[in-house]
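Novice: I need the structure of the sequence given here:
(one chain, ligands or ions: 1)
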Amino acid sequence: MKFALLTSGGDAPGMNAALRAAVRLATDGGDECLGVRDGYKGLLLRDFIGLTARSVSGIMQLGGTMLRSARSEEFRDEAAQRKAARLLDGAGVDALIVIGGDGTFRGAEALSRFWRGRVFGIPGTIDNDIAATSVTIGFDTAVNTAMQAIDKIRDTAAAHERVFLIEVMGRTCGWIALHAGLASGAEEILVPEIPFDLETAFANILEGRKRGKRSSIIVMAEGHRQAGDAPERARGLQSKSGVECRAVERGYLQRGGPPTAADRILATQMGAFAVRCLRSGESGKMAAWREGRLLAEPFAAAWAAPKPLAPFLVEILPALAEVRRALR
Ligand code: F6P
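Specialist: Numbers count the residues shown, from 1 in each chain. The predicted structure is shown next:
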């Protein structure tokens, strides 16, 4: 078989590990691999490179993606999808592996309406917002990066008795905020999935200060933005309360850097699984990790339903916050 591989949408740590595993498994079985640079945008430009077991050496530990990525508006058009099908046929490709989020999978599904080849998705996004899989490649690294940043900000928060409002990424979801906030013991966590406003969170923080709490961190998911960005809202809170407030905005730092071991292992398994599924004739599906095993789920499962946050974490969050507020 001839496999083509591309990464699309926001890059995520671990994408390289998935590419490496897929290429190595495919070439080990005697198959050929082509890399498509810049996602669907590069596909339309026929920006292909040969990939061998050797050319994917040394990328496991690198963030980003060796194939680079893009968000292609053009690929939403049927004419572009038909053109991509012709180009893949022209290059003799039998199967396409796409690594990215739900937008990437929508692109693959659209392409498969016009292309005879097989397509398979690997979920790579820091947002962890794909319902079919309990975890996506890049999420664990992003949570660790955000957690480490919050730990560092805590030092200044304590030294200066300041309140920090830290906005983390996650698009419309609160996965990174919830996990990084819990892991760093943030005083308040604001996510779009749980109705709770910043003013109430801040009032709780002021109560804590009266009881002698020196450092206060509010972690807010970018999807929770209601009225203004984090710096604007921190300024508003400061001018109303007289308490020093600072903001740290969502940063691309969360999207880069070496993947954690968990992301490398997840990506390696998913890359190998994609090759195995395509060889056995599967198409129009994505790799999903659920209850300790890999499954092949239809692309539509990626966007069929919004992904709820981990239920037990959501359940214990208010109790943990209550205990913290009552501490003297
Ligand atoms: O999907 C990954 C992500 O980093 C989101 O968390 C964020 O909202 C978005 O991408 C930012 O997109 P862009 O790279 O296009 O600015």
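Novice: Low-confidence regions, this structure specifically.
Specialist: Within the chain, the stretches with pLDDT under 70 are 227, 250, 328.
Novice: what residues does it put near the ligand?
Specialist: 10, 71, 101, 125-127, 169-171, 222, 255 (CB under 6 Å from any ligand atom). Just so you know, the C-beta spots here come from the backbone N, C-alpha and C atoms, and that holds for glycine as well.
Novice: Kindly recompute the last result at 5 Å.
Specialist: 10, 127, 169, 171 (CB under 5 Å from any ligand atom).
Novice: Could you export these to CSV, including columns for neighbour count and secondary structure?
Specialist: Shown next, in CSV, are the residues of the chain next to the ligand (neighbours: other CB atoms under 10 Å; DSSP: H, G, I helix; E, B strand; the rest coil):
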residue, neighbour count, secondary structure
G10, 21, coil
D127, 27, coil
M169, 25, coil
R171, 19, coil
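Novice: And the helices in the stretch 51-200 of the chain?
Specialist: 78-90, 102-112, 139-160, 175-183, 198-210 (DSSP state H, counting those that start in this stretch).
Novice: Surely L34 touches I49?
Specialist: Yes: taking CB atoms under 8 Å as the definition, L34 is a contact partner of I49 at 7.1 Å.
Novice: wait, is L295 part of a strand?
Specialist: Yes: remark: L295 belongs to a strand, assigned using DSSP: H, G, I helix; E, B strand; the rest coil.
Novice: Who are the contact partners of it?
Specialist: 287-289 (CB atoms under 8 Å, 6 or more residues apart in numbering).
Novice: rerun at 6 Å
Specialist: A288 (CB atoms under 6 Å, 6 or more residues apart in numbering).
Novice: in this protein, which residue is closest to the centre?
Specialist: In the chain, the centroid-proximal residue (CA atoms, centre = their mean) is I126; its distance is 1.5 Å.
Novice: Output the helices of the stretch 51-200 of the chain in TSV, with mean neighbour count appended to each entry.
Specialist: Formatted as TSV, these follow (neighbours: other CB atoms under 10 Å):
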stretch	mean neighbour count
helix 78-90	16
helix 102-112	23
helix 139-160	19
helix 175-183	25
helix 198-210	16
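Novice: Show me the beta-bridge partners of L51.
Specialist: Beta-bridge pairing of L51 under DSSP bridges involves C33.
Novice: That one and V36 touch, don't they?
Specialist: No: contact criterion CB atoms under 6 Å: L51 and V36 do not qualify, at 9.9 Å.
Novice: More neighbours: which of the two?
Specialist: Per other CB atoms under 10 Å, whichever of L51 and V36 has more neighbours is V36, with 31 against 25.
Novice: got the contact list for that one?
Specialist: Contacts of V36 (CB under 6 Å, 6+ apart): 4, 6, 42-43, 48.
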